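Novice: predicted structure and sequence below. I'll ask about it afterward.
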Amino acid sequence: MTAAALPMTDALLALYRRAPMEFVRADGVRLFDAEGRAFLDFAAGIAVNSLGYNDAGVRQAMLEALETGLIHTSNLYRTAPGERLAEKLVAASFADRVFFCNSGAEANEGAFKMARKWGKLAGGVAKHEIISLRGAFHGRLFGTVAATDRPQYRNPFRPLAGGIHIHERDLHELSKVITDETTCAVILEPVQGEGGVRVLDAGFVRELRALTAERNVLLILDEIQCGYGRTGTFFAYEQFRITPDLLTIAKPMAAGLPMGAVLTTQRVADAMLPGDHGTTFGGGPLVAHVANHVFDRLNDPKLLAHVTKEGKWFGGQLAALAQRSAKLRAVRGRGLMWGLDVTEPAKDIVARAMEHGLLIVSAGDHTLRLLPPLVMTRDDLKQGLEKLEAAIG
Ligand SMILES: *Cc1c(COP(=O)(O)O)cnc(C)c1O
C-alpha cells in the first residue's frame, strides 16, 4: 500500500500507530482515501458510526441544530434537546434519571462517583470498593483505567486510583469479595468488547445481579460498545433478563459527535446533589439534537430486527470460515459485534485487510473485531467477508 500524499507530522502526540492512508470522504458504508480508493467499513470508527456515513437523516438533524444558532449554552441553562433525549432514554429503559457527558470513560467516571456517593450514604466510608471483571475495558481516564484489565494500559500509571479491584468472572470468588460493608458497586460489560468480544454467560450475569442485590451493592452495566442496538436489542441487558442500577452508553449516541451518558435509578439519583458532579459541554443542544435523531433511528424495531437477522447470518458465515481456515481458532459474538481469535498477530491481518479495501479492528493481540455499521446490507456484509477471507489467507 502506498502512503497518502499527506506528509507525516510530528505535531501529534504519538499515541496511535495510525494507518498510512488519508481519508477524505465517506458515504454509506465506505470511506475513500486521498488516492480515491474505497474501503468497506467493518469497524464503524470503533462501534460509533452505526448509521454509516453521510446519512441523510443525520445531515438533516445537524442542519436543524445549526439553524438555531445554539451549539452550546453550558448546563447553567435549559435547552430542549437534552431534556427530550433524557425522557426518551428513561422511557426506553430501567432508568429514572440521565446524566449526559462527552465520552465513554467520562460516563464510567460519573457512574463511579455516583456509586461512591450512594455507598457512603448507604453504609459509610468503608462501603467504597468498586469491582470489575477479568477482560474488562472501562476506559483510560484515571479512575476507569484502574477498572480496565490490560497491563499495558495500567502498569505505567501505578499507583492507580484506589478502591477499584479486578476479579475473575467466577461467582464463587466474587461472592467472597462482594460485601455489603465494603462494596459499593460491580461494573461489567454484558458483551466485553476490547477484551476480546466475549458474550458473558447469561446465567452468570443473572446470578451476579442477584448477589449484588442481596448484598445491597449496585450493578453498573457498561454498554458503551454493546448497547444502542449493536447486539440486536436496544440495550444488551434486555437479552440477559436483568436490570442494572446504573448503565453507561456513549460510542454511537450522536453519530460521531462526542457524547456519553449515565442512566440511573432514583435510589442512586437521590444521593447526588447539585455540585456533586458536572461537565461544561455534556448534553449540549447540538449534540443532543443529533442524538435524538440517532436514538429514534436505532431504537426502531425494524433496525433491531435487521441487526438480529443479519447478525445470525453473519455469525454463521464466520463459523463456516473458521471451519475452512486453520488460522481461525474461535468465533464469538452477537448481533453485529464479532470477535475472531487468530493464530497470527491480529495487527498483521488488520493491515492486510486494508490492502484488500476492508477496515477491521483488533481486540487484543490475537483477536480480530468486526463492528460493521448496523445499517449494512447482506450484499455488503458478503463483500466484506470475502475480503476478510482473502486477508486471513
Ligand atoms: C470505548 C469504551 C469505553 C471508553 O470510551 P471512550 O469514549 O473511549 O472514553 C469504555 N467502555 C467500553 C465498553 C468501551 O467500549
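Specialist: Yes, it's here.

Novice: okay, helices next: where are they in the stretch 151-300 of the chain?
Specialist: 151-154, 171-177, 202-214, 266-269, 285-298 (DSSP state H, counting those that start in this stretch).

Novice: closest residue of the protein to the ligand?
Specialist: Distances between the chain and the ligand by C-beta to the nearest ligand atom are smallest at residue 104, namely 2.1 Å. C-betas here are computed from N, CA, C, even on glycine.

Novice: so that residue sits right up against residue 261, yeah?
Specialist: No: with contacts counted by C-beta atoms under 8 Å, residue 104 stays clear of residue 261, the gap being 9.9 Å.

Novice: which residues are common contacts for these two?
Specialist: 248, 250 (C-beta atoms under 8 Å, 6 or more residues apart in numbering).

Novice: for the helices of the stretch 151-300 of the chain, give me a markdown table that also has mean pLDDT.
Specialist: Converted to a markdown table, the helices of the stretch 151-300 of the chain look like this (pLDDT from 0 to 100):
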| stretch | mean pLDDT |
| --- | --- |
| helix 151-154 | 96 |
| helix 171-177 | 98 |
| helix 202-214 | 98 |
| helix 266-269 | 98 |
| helix 285-298 | 98 |
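
Novice: which of these is buried the deepest?
Specialist: helix 285-298 (a mean of 23; mean count of other C-beta atoms under 10 Å).

Novice: chain center to it, what's the gap?
Specialist: Centre-to-centre, helix 285-298 and its host chain are 17 Å apart (C-alpha atoms, centre = their mean, to the nearest Å).

Novice: close to the ligand, is it?
Specialist: No: Helix 285-298 is not in contact with the ligand by C-beta under 6 Å from any ligand atom; minimum separation 13.3 Å.

Novice: who are the packing partners of the helix or strand following that helix?
Specialist: With elements assigned by DSSP states H and E, the helix or strand that comes after helix 285-298 is helix 301-324. With contacts taken as 3 or more C-beta pairs under 8 Å, 6 or more residues apart in numbering; DSSP states H and E, helix 301-324 sits against strand 328-334, strand 337-342, helix 378-392.

Novice: residues touching helix 301-324, excluding its own?
Specialist: Contacts to helix 301-324, defined as C-beta under 8 Å, 6+ apart, come from residues 229-234, 297-298, 328-331, 333-336, 338, 340, 370, 374-376, 378, 381-382, 385, 388-389, 392.

Novice: can you say which of the helices of the stretch 151-300 of the chain is nearest to residue 254?
Specialist: The closest of the helices of the stretch 151-300 of the chain to residue 254 is helix 285-298. By C-beta to C-beta, the value is 4.2 Å.

Novice: what angle sits between that closest one and helix 301-324?
Specialist: Orientation check (axes from the mean of the first three to the mean of the last three C-alpha atoms, to 10 degrees): helix 285-298 against helix 301-324 gives 70 degrees.

Novice: and the gap between residue 141 and residue 112?
Specialist: Residue 141 is 10 Å from residue 112, where distance means C-beta to C-beta, to the nearest Å.

Novice: higher neighbour count, those two?
Specialist: Ranked by neighbour count (other C-beta atoms under 10 Å), residue 141 and residue 112 place residue 112 first, with 27 against 17.

Novice: now the more buried one: closest residue in space, sequence neighbours ignored.
Specialist: Spatially, and ignoring its direct neighbours in sequence, residue 112 is nearest to residue 143 (5.2 Å; C-beta to C-beta, 6 or more residues apart in numbering).

Novice: cool, and residue 356?
Specialist: In space, residue 356 is closest to residue 387, 4.3 Å off (C-beta to C-beta, 6+ apart).

Novice: and the closest residue to residue 141 other than its chain neighbours, what element?
Specialist: The shortest distance from residue 141 to any residue other than its chain neighbours is 4.3 Å, reached at residue 105 (C-beta to C-beta, 6+ apart). Per DSSP H and E, residue 105 falls inside helix 104-123.

Novice: keeping just the C-alphas, turn that helix into PDB.
Specialist: The C-alpha coordinates for helix 104-123 follow below in PDB (Å, rounded to 0.1, in the frame of the first residue of the first chain):
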ATOM      1  CA  GLY A 104     -17.400   6.600  27.400                       C
ATOM      2  CA  ALA A 105     -14.700   6.800  30.000                       C
ATOM      3  CA  GLU A 106     -16.300  10.000  31.300                       C
ATOM      4  CA  ALA A 107     -19.600   8.200  31.600                       C
ATOM      5  CA  ASN A 108     -17.900   5.500  33.700                       C
ATOM      6  CA  GLU A 109     -16.100   8.000  35.800                       C
ATOM      7  CA  GLY A 110     -19.500   9.600  36.500                       C
ATOM      8  CA  ALA A 111     -21.100   6.300  37.400                       C
ATOM      9  CA  PHE A 112     -18.200   5.500  39.800                       C
ATOM     10  CA  LYS A 113     -18.700   8.800  41.600                       C
ATOM     11  CA  MET A 114     -22.500   8.200  41.800                       C
ATOM     12  CA  ALA A 115     -21.800   4.700  43.200                       C
ATOM     13  CA  ARG A 116     -19.300   6.100  45.700                       C
ATOM     14  CA  LYS A 117     -21.600   8.800  47.000                       C
ATOM     15  CA  TRP A 118     -24.500   6.300  47.200                       C
ATOM     16  CA  GLY A 119     -22.300   3.800  49.000                       C
ATOM     17  CA  LYS A 120     -21.200   6.400  51.600                       C
ATOM     18  CA  LEU A 121     -24.700   7.400  52.400                       C
ATOM     19  CA  ALA A 122     -25.900   3.700  52.500                       C
ATOM     20  CA  GLY A 123     -23.000   2.200  54.500                       C
END
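
Novice: may I see the buried residues of it?
Specialist: 104-119, 122-123 (16 or more other C-beta atoms under 10 Å).

Novice: can you check stretch 304-311 too?
Specialist: 304, 306, 307, 308, 310, 311.

Novice: check stretch 340-356 too.
Specialist: For stretch 340-356, the neighbour count (16+ other C-beta under 10 Å) marks 340, 341, 342, 346, 349, 350, 352, 353, 354 as buried.
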